[in-house]
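[1] predicted model follows, preceded by the sequence.
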Amino acid sequence: MRAIGERIGRRVAAHAVEVPGKGDVSVTCSVGVALFPFDTERPGELTWEETVVLADCALYEAKGRGRDQACWLRPGPAGASPREVLAAARENLGDAIRDGTLAVQGRSSPAAVDAVDSVTMPPLLRSAI
């Protein structure tokens with residue numbers, strides 16, 4: 001999955017965007033991914049809409065790591081239920097990653113998870129479900 005996100009990022013970066021009066025401008029993108037069903041051992045516990053919220057959390061994680069990032073959220077080693085994972089991600093994504101509720105894969109430095117705490121998710125995302 002991370003490779004797909006990275007491939008999307010490379011393809012976006014390969015195309016310049018023409019801005020009137022400025023010429024061609026290079027662009028990048030960050031990508032957040034969460035698979036549906038989120039937890040294959042409990043496939044019916046989250047709806048696809050709730051899984052999109054997790055993908056949005058992955059996007060915030062990617063943006064917190066800097067420009068041109070790809071992050072994939074998946075169930076963590078702590079063994080939390082998908083519903084607990086969703087609640088933890090909405091409450092504090094950085095804590096959910098650090099305590100093993102969520103696992104994240106993506107391009108970053110080891111300290112990048114700490115940057116997530118500085119990313120404020122909009123109230124709409126936190127209360128979307």
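    Thanks, I have it.

[2] CA only for contacts and neighbour counts going forward, please
    Noted.

[3] residue contacts, residue 16?
    Residues in contact with residue 16 (CA atoms under 8 Å, 6 or more residues apart in numbering) are 24-27.

[4] now residue 59
    30-33, 70-71.

[5] out of those, which comes closest to residue 3?
    When those are ranked by distance to residue 3 (CA to CA), residue 70 comes first, at 8.4 Å.

[6] wait, the closest one sits on residue 34?
    No: taking CA atoms under 8 Å as the definition, residue 70 is not a contact partner of residue 34, at 11.3 Å.

[7] neighbour count for these two, which is higher?
    residue 70 (30 against 23; other CA atoms under 10 Å).

[8] skipping its backbone neighbours, what lies nearest the more buried one in space?
    Of all residues not flanking residue 70 in the chain, residue 31 sits nearest, at 4.6 Å (CA to CA, 6 or more residues apart in numbering).

[9] mind checking how far the one you found is from residue 90?
    18 Å (CA to CA, to the nearest Å).

[10] who has more neighbours, the two?
    Applying other CA under 10 Å to residue 31 and residue 90 shows that residue 31 carries more neighbours, namely 24 against 20.
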